[in-house]
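Q: quick one: sequence and predicted model below, then my questions.
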Amino acid sequence: MRYLVDNKDPLAAMFNMSRLIKAAESGSDPVLRGAPALVVAHGPKTYGGAIIDSTIALTTLELAAFSFGLGTCWAGFFQIAAAGWGPLQDILNFPAGHVNFGSMVIGYPKFMHHRIPLRNEAAITWLV
């Protein structure tokens, strides 16, 4: 994030990364939120179905995790870093030609919800 801020990347302003950097410097973890595990879906950069396949895999994981008492959260800021920051790409050590198509943190949630949150009624217009 610091690299994007320093280089005035539009993503830095869009996601107010300066605020996230300050939070991290004060001991907070605004990116991975202290999760004990990170799941990274990757595949060949040239495979046209990789985004869809990765999204399906991570969504299935997200739904299944709940039955094991686990919580998940899509890791969008990690996704940005994995896409463009060389040192992180070196650490991930993907096979040649592979890139990150989705990331999710997973762990035991601090809070458990005992009901579905209230929702506004959907505004649906049926066309026949």
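A: Looks like it arrived, so ask away.
Q: residues touching the residue most central in space within the chain, list them.
A: What sits nearest the mean C-alpha location of the chain, by Cα atoms, centre = their mean, is residue 75, with 1.7 Å. Residues counted as contacts of residue 75 (Cβ atoms under 8 Å, 6 or more residues apart in numbering) are 31-32, 38, 103-105. Every residue, glycine included, has its C-beta placed from N, CA and C.
Q: mind listing the strands the longest strand seen in the chain pairs with, and their directions?
A: Among all segments of the chain classified by DSSP state E, the strand with the greatest residue count is strand 98-107. Strands flanking strand 98-107 in the sheet, each with its direction: strand 37-44 (antiparallel), strand 71-74 (antiparallel) (DSSP bridges).
Q: next secondary structure after the longest one?
A: Which is strand 37-44. Secondary structure here is assigned by DSSP states H and E; on that basis, the next helix or strand after strand 37-44 toward the C-terminus is helix 50-67.
Q: who are the packing partners of that following helix?
A: When contacts are defined as 3 or more Cβ pairs under 8 Å, 6 or more residues apart in numbering; DSSP states H and E, helix 50-67 sits against strand 37-44, strand 71-74, strand 98-107.
Q: just want the angle from it to strand 98-107.
A: Between helix 50-67 and strand 98-107, the angle formed by their directions is 10 degrees, by axes from the mean of the first three to the mean of the last three Cα atoms, to 10 degrees.
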